[in-house]
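Visitor: my questions concern the predicted model and sequence given below.
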Amino acid sequence: MVCSGDELVCNAPERCACSQQPAWQTACTGTGGCSGTYDGCEADGTTLRCTCPAAPSCSDQTVGYGAPCTGSSGCRGKQLCDGGALACAAPSSCTSRILFSEVAPGGSGHDEFIELHNSGATSADLSGMKLYYRYDGGSTPLVIPMATIPAGTSVRPGGYFLLTRSGSYTGSVPGDLTFTTNVLTSYYSLWLMKAGNTEADDKTLIKTFSNAGNPITSHPSVVDVASVGSAGIGEGGQPNAWSSSYGTQVSLERKGRASSTAASMAGGGADATLGNGQDSNNSAADFVVRTVRDPQNSQSSVEP
């Protein structure tokens, strides 16, 4: 209080310093709707600034990173960083069954392999399942038996099973079973059929199927289908784009989730160990082209 003429008046500044204002250290809503606290000043020294806490950081050192989880789709996944925080990375669509996870045609050298993956949460029995090759490069489809999986064969949850071309496969990961049919780089599809049917019945079903727009695997005898080549029969009526010029060290790999790319599925990528469970019944959308092959067998680590 000071004298002004013959009266006392309050000699206070028009605005207090930030730390002197009643709202100092109270809750506020900051830019973007974040919850913060008035604990700072703008440049004028008197206007309060709402400060929000820093966004959480996330790395492969964060507790829980890489841990198994179940996504909103109900599919198995693992905890990865997303927007600075851990989130469950999982396929948008999946099935609890055996899927073709990587296919490597070998061209003229026949350095080939076919990899299967158990996308389910329980062990899968492969006993008696049959692998077929359908070629569509001629006037009529040609169906060739490739292998029959022996009795007593099973794949653990998240595990793999590797079939390799007898006599010409050069990969360092040994196969669990061999086949002798050449896998060409175009105009073909691979079919895994359930045990129980005769070879003649399987061939009839595979040969007569056409792109009708319905998932091939809706048929009770079909486990999975993978297609390659513009004229090949594709799961869901969508043949997978492929080029015979890719070379002998390229493969097709099933995605770990819908947003997976060739880069994220490659070694060191965000989805490299996410497994191969993305299955929308559309081969063109579910596979990426790998420039470096990555065969996995029954002894390889489970994913995810």
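Guide: Arrived safely, thanks for sending.

Visitor: just the helices in this structure please.
Guide: Assigned by DSSP state H, the chain shows helices spanning 199-208, 262-265, 283-286.

Visitor: for the second one, what is the average pLDDT?
Guide: It stands for helix 262-265. Mean per-residue pLDDT for helix 262-265: 95.

Visitor: same check, this time on the last one
Guide: Per-residue pLDDT values over helix 283-286 give a mean of 82.

Visitor: centre of the chain versus that helix, how much separation?
Guide: Centroid separation for helix 283-286 versus its chain: 11 Å, with CA atoms, centre = their mean, to the nearest Å.

Visitor: quick revisit: quick one: which of the helices of the chain is nearest A104?
Guide: Counting by CB to CB, A104 lies closest to helix 262-265 out of the helices of the chain; the figure is 14.2 Å. For every residue, glycine as well, the C-beta is placed using N, CA and C.

Visitor: any low-confidence regions in this structure?
Guide: Counting by pLDDT under 70, the chain has low-confidence residues at 1-17, 32, 55-56, 95-96, 107-108, 184-186, 210-217, 228-248.

Visitor: break it into its domains for me.
Guide: 2-51, 56-90, 98-290 (automatic domain parsing).

Visitor: between these, which one is nearest to S301?
Guide: domain 98-290 (7.8 Å).

Visitor: picking that back up, most tightly packed of the helices of the chain?
Guide: Ranked by mean neighbour count under mean count of other CB atoms under 10 Å, these are led by helix 283-286, which reaches a mean of 22.

Visitor: now V155: how far from L177?
Guide: 12 Å (CB to CB, to the nearest Å).

Visitor: anything in contact with each of the two?
Guide: Common contacts of V155 and L177 (CB atoms under 8 Å, 6 or more residues apart in numbering): F161.

Visitor: which non-adjacent residue is nearest G256?
Guide: Of all residues not flanking G256 in the chain, L274 sits nearest, at 3.1 Å (CB to CB, 6 or more residues apart in numbering).

Visitor: wait, which of the helices of the chain is closest to T47?
Guide: helix 262-265 (44.9 Å).

Visitor: ok, and what's touching that closest one?
Guide: For helix 262-265, contacts defined as CB under 8 Å, 6+ apart pick out 253, 255-256, 269-272, 274, 288-291.

Visitor: of the residues you listed, buried ones?
Guide: 253, 255-256, 270-271, 274, 288, 290 (16 or more other CB atoms under 10 Å).

Visitor: just the closest of these to P68, please.
Guide: Of the buried ones among the contacts of helix 262-265, the one sitting nearest to P68 (CB to CB) turns out to be L274, at 10.8 Å.

Visitor: surely the closest one meets V302?
Guide: No - the pair L274 / V302 is not scored as a contact, 11.7 Å apart, by CB atoms under 8 Å.

Visitor: show me where the stretch 51-200 of the chain has strands.
Guide: Remark: strands assigned in the stretch 51-200 of the chain by DSSP state E, counting those that start in this stretch are 68-70, 76-82, 85-89, 98-104, 113-118, 124-125, 130-135, 142-148, 154-155, 160-165, 177-179, 188-193.

Visitor: what helices or strands is the last one leaning on?
Guide: Contacts of strand 188-193 with other secondary structure elements, assessed using 3 or more CB pairs under 8 Å, 6 or more residues apart in numbering; DSSP states H and E, are made with strand 98-104, strand 130-135, helix 199-208, strand 222-228.
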